[in-house]
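> Show me the folded form of this:
(4 chains)
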Number of protein chains: 2
Amino acid sequence: MTQKKRVTLQDVAEHAGVSRATASLIVRGSTKIAEKTRDKVLDSMRELGYVYDRVAANMRSQSSSTIGLIITDIANPFYAELLRGVHQALEEAGYTVFLGTTYDSKMKQDQLIARMLEHRVGGIILCPVSEDSKDSIEPVKQIDIPLVLAVREIENVSSDYVGIDYEVGAQMAVNHLIHRGHRRIAFLGGTSHSTAWKERRQGYCTALKQAGLEIDESLIIESSVTREGGMGAVRQVLFKSNPPTAVFCFNDLVAHGVMLGLNEAGLQPGKDIAVVGFDNNNEAPLYNPPLTTVSSYARLIGSQAASLLQQRIVNPDRDHQRIILQPELVVRKSS
Amino acid sequence: MTQKKRVTLQDVAEHAGVSRATASLIVRGSTKIAEKTRDKVLDSMRELGYVYDRVAANMRSQSSSTIGLIITDIANPFYAELLRGVHQALEEAGYTVFLGTTYDSKMKQDQLIARMLEHRVGGIILCPVSEDSKDSIEPVKQIDIPLVLAVREIENVSSDYVGIDYEVGAQMAVNHLIHRGHRRIAFLGGTSHSTAWKERRQGYCTALKQAGLEIDESLIIESSVTREGGMGAVRQVLFKSNPPTAVFCFNDLVAHGVMLGLNEAGLQPGKDIAVVGFDNNNEAPLYNPPLTTVSSYARLIGSQAASLLQQRIVNPDRDHQRIILQPELVVRKSS
DNA sequence: CTGAAAGCGCTTACAG
DNA sequence: CTGAAAGCGCTTACAG
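Numbers count the residues shown, from 1 in each chain, chains lettered A, B, ... in the order given. Sure thing, here's the model as predicted:
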């Protein structure tokens, strides 16, 4: 792990015949330096192959130019998009991003948070695991580093947050299915301890009730938030004596799994059984058939979270913000 | 960007009534300290909420516990898997990963490399952009930081490298199509200035020649390495007076686009036209129809690259290694 | 602009 | 185990 000796600002100053303080001003882009001096110093930097040591600078000035981003699964296109939004906003602002993935393990989340704090990140954007993880963020609060939650909230935790209104989104999806004449609608996928699941469930129930339909608990099946989870869930529900005619899925990934499971069983999604997803992934229009889904604006969530974080860094004492994006139903051929 | 004052080792030492040197030993897990002393110090750390400052430690000891990973596109499942392999291997070893995405822009790649060097990463894993970027890695060589290339090589650059044998892979794919009786086989997607493309093209041509078939340049169409690129490429080739009966695609993403383009044109992939991909993404078996493809072991490439990097960090002077994984054909229903 | 000094939070080396 | 000192590569503050 040991590196060879780097060229330091001291070396550059000596080479250019100026003081270290002057060189320091130049490297930080001060305009108060005579052009001639600046050029001389910049030439020396090039000649010596100087590379600015941002770590040392940050340490001395007690600042940070890194941000930690913790997501649950990079293989989920939703998070890939969210990452993109975060990267775009923060790299423009000069931050570099530490990425960590929890795969929905709380232990992993705790480890990642600890490591990021040790690396003196300037702030953390956390997409929490679905398990309750109030205590995970204790260390962050204690050391008082800016934190923004995204996608899922943590119950009884006050923090900046960006997400979408899952309840309304779920309601829109289920209403749509009801309007198409469906009466037995399943809700498949996701795990019941996450707020993101609870809110969807709430929306699902509200829509059914408003239409005067019974809630059949046997049509609500949890699963991991993966294609495999979706396949498993739909298999369970197909074997009921009175199977559903439509499925509202936790997200697009699960919906994809559900469609594959239906194919396997010789059923055609969108014809034999309607399927609606959640997220509006890049891939959703490319599924077969193209997936009706609720847009959850992954990239926008990412860039908004980045923006909240920057604002919090600038002004640590302002009130917590909660940004709830309004979802939109995108109707395609699967319903 | 300024942070509130942290608890330092000094504070901990004072609180526990030991010297700073002792506290430093304990925090690094030395076994040479009496258990009683250690417990006392660990208690103080907990009580004060001490967080180890890895940045300061790395600076003093001239070491690094960060790694830069530069990929082209996180929305490509191939890279999501590769990232997973890298993360898994490096996090176990105590490294934290800076992630950067170039979206195949050389300028972005240069910026990311510069930034990572400024952050004193202990090494870089680079999946180069397809454009020739020999000069991009000049700064890395100059400052003498361990570098591993993955997925694509850079011509005339000597470095550790992990990739697969694209030529053999392409040959396997095209041979397979020939054995199925195809005579007009297109090669769609990718950009001709990358080694990864050149090697595939080489394999494509070799297979055709060995079978005594002509190479028809009009059946070779470049595109961006995305689904959209694949859709565009297949549209072009379908309008030929003598269209192909089979398509070998640059990768699975392109193949997916090709299949969508075929659907659009009323053709059924795997029936009207055979399609073969490259990568064996997670998603390939889930396409419709399931995609015949060449496995390129994304996660393995990632973990091997991580392993090469660690070895290079330990021993900077050893010979450059080239790991070329052997591809494997996975036959499914699309061909 | 310069120059000398102090300090960010650690580790290192050494005498006791 | 302790204690005092030096140093990693910067920035900061200040007198000139």
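> Can you name the residues of chain A that neighbour DNA strand D?
A:5-6, A:8-10, A:20-21, A:24, A:27-28, A:50-53, A:56-57, A:59-61 (CB under 7 Å from any atom of the strand). C-beta coordinates here come from the backbone N, C-alpha and C atoms, glycine included.
> buried subset of those residues?
The neighbour count (16 or more other CB atoms under 10 Å in any protein chain shown) marks A:6, A:8, A:9, A:27, A:50, A:51, A:52, A:53, A:56, A:57, A:59 as buried among the residues of chain A next to DNA strand D.
> Could you list which of those residues also contact chain B?
A:6, A:51, A:52, A:53, A:56, A:59 (CB under 8 Å from any CB of the partner chain).
> Can you give me every residue that contacts the second one?
It refers to residue A:51. A:6, A:7, B:114, B:117, B:118, B:139, B:143 (CB atoms under 8 Å, 6 or more residues apart in numbering or on different chains).
> any idea which of these has the most stuff around it?
Counting neighbours by other CB atoms under 10 Å in any protein chain shown, residue B:117 leads these with 21 neighbours.
> In helices only, show me the buried ones among the residues of chain A next to DNA strand D.
Those of these mapping onto helices are A:9, A:27, A:56, A:57, A:59, per DSSP state H.
> Select, from those, the two members most distant in space.
Largest separation among these by CB to CB: A:27 and A:59, giving 15.6 Å.
> Excluding its own residues, what touches stretch A:208-217? List them.
Contacting residues not belonging to stretch A:208-217 are listed as A:174, A:175, A:178, A:183, A:184, A:185, A:205 [CB under 8 Å, 6+ apart].
> how much space between the first one and residue A:203?
For residue A:174, the distance to residue A:203 equals 7 Å [CB to CB, to the nearest Å].
> likewise the fifth one?
With distances taken as CB to CB, residue A:184 is found 18 Å from residue A:203.
> who's more crowded, the two?
residue A:203 (25 against 17).
> residues near the closest residue to that one other than its chain neighbours, how many?
Residue nearest to residue A:203 in three dimensions, not counting chain neighbours: residue A:170, with 2.9 Å by CB to CB, 6 or more residues apart in numbering or on different chains. If you count neighbours by other CB under 10 Å, residue A:170 ends up with 27.
> In the ones next to chain B among the buried ones among the residues of chain A next to DNA strand D, find the pair that's most separated.
The distance between the two most remote of these (CB to CB) is 16.2 Å, for A:51 and A:59.
> about what we covered before: ok now do the residue nearest to residue A:203, which residues does it touch?
A:199, A:200, A:201, A:202, A:203, A:204, A:207, A:248, A:278, A:294.
> Kindly give a single PyMOL line that selects the buried subset of these.
Burial among the contacts of residue A:170 is assessed by 16+ other CB under 10 Å; the matching PyMOL selection reads:
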select buried, chain A and resi 199+200+201+203+204+207+248+278+294
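> TSV please, covering the contacts of residue A:170 and showing distance to residue B:317, pLDDT and secondary structure.
What follows is the contacts of residue A:170, written out as TSV (distance: CB to CB, whole Å; pLDDT from 0 to 100; DSSP: H, G, I helix; E, B strand; the rest coil):
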residue	distance to residue B:317	pLDDT	secondary structure
A:199	57	95	helix
A:200	57	97	helix
A:201	60	97	helix
A:202	62	97	helix
A:203	62	97	helix
A:204	62	98	helix
A:207	67	98	helix
A:248	60	98	strand
A:278	53	97	strand
A:294	56	98	strand
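> what about the helix or strand encompassing residue A:237, near chain B?
Per DSSP states H and E: residue A:237 is located in helix A:227-238. Yes - residues of helix A:227-238 are located near chain B by CB under 8 Å from any CB, namely residue A:227.
> Export stretch A:222-240 to PDB, keeping only CA atoms.
Taking C-alpha atoms only, stretch A:222-240 is exported to PDB below (Å, rounded to 0.1, in the frame of the first residue of the first chain):
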ATOM      1  CA  GLU A 222     -43.900 -11.100  -0.300                       C
ATOM      2  CA  SER A 223     -40.600 -11.900  -2.000                       C
ATOM      3  CA  SER A 224     -37.100 -10.600  -2.400                       C
ATOM      4  CA  VAL A 225     -36.900  -7.600  -4.700                       C
ATOM      5  CA  THR A 226     -35.500  -9.500  -7.700                       C
ATOM      6  CA  ARG A 227     -36.700 -11.300 -10.900                       C
ATOM      7  CA  GLU A 228     -36.300 -14.600  -9.000                       C
ATOM      8  CA  GLY A 229     -38.500 -13.300  -6.200                       C
ATOM      9  CA  GLY A 230     -41.200 -12.300  -8.800                       C
ATOM     10  CA  MET A 231     -41.100 -15.800 -10.400                       C
ATOM     11  CA  GLY A 232     -41.500 -17.400  -7.000                       C
ATOM     12  CA  ALA A 233     -44.300 -15.200  -5.900                       C
ATOM     13  CA  VAL A 234     -46.400 -15.700  -9.100                       C
ATOM     14  CA  ARG A 235     -46.000 -19.400  -8.900                       C
ATOM     15  CA  GLN A 236     -47.500 -19.400  -5.400                       C
ATOM     16  CA  VAL A 237     -50.400 -17.300  -6.500                       C
ATOM     17  CA  LEU A 238     -51.200 -19.300  -9.600                       C
ATOM     18  CA  PHE A 239     -51.800 -22.400  -7.600                       C
ATOM     19  CA  LYS A 240     -54.700 -20.900  -5.700                       C
END
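> and residue A:311, what is it in contact with?
With CB under 8 Å, 6+ apart, residue A:311 has these contacts: A:318, A:321.
> how about the helix or strand hosting it as PDB, C-alpha atoms only?
Element membership of residue A:311 [criterion: DSSP H and E] is helix A:298-314. Extracted in PDB, the C-alpha atoms of helix A:298-314 (Å, rounded to 0.1, in the frame of the first residue of the first chain):
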ATOM      1  CA  ALA A 298     -34.900   7.100 -10.400                       C
ATOM      2  CA  ARG A 299     -32.500   9.600 -11.900                       C
ATOM      3  CA  LEU A 300     -34.400  12.500 -10.500                       C
ATOM      4  CA  ILE A 301     -34.400  11.000  -7.000                       C
ATOM      5  CA  GLY A 302     -30.600  10.700  -7.300                       C
ATOM      6  CA  SER A 303     -30.100  14.300  -8.500                       C
ATOM      7  CA  GLN A 304     -32.500  15.700  -5.900                       C
ATOM      8  CA  ALA A 305     -30.800  13.700  -3.100                       C
ATOM      9  CA  ALA A 306     -27.500  15.100  -4.300                       C
ATOM     10  CA  SER A 307     -28.900  18.600  -4.300                       C
ATOM     11  CA  LEU A 308     -30.400  18.200  -0.800                       C
ATOM     12  CA  LEU A 309     -27.000  17.000   0.400                       C
ATOM     13  CA  GLN A 310     -25.200  19.900  -1.000                       C
ATOM     14  CA  GLN A 311     -27.600  22.300   0.600                       C
ATOM     15  CA  ARG A 312     -27.300  20.600   3.900                       C
ATOM     16  CA  ILE A 313     -23.500  20.800   3.700                       C
ATOM     17  CA  VAL A 314     -23.700  24.500   3.100                       C
END
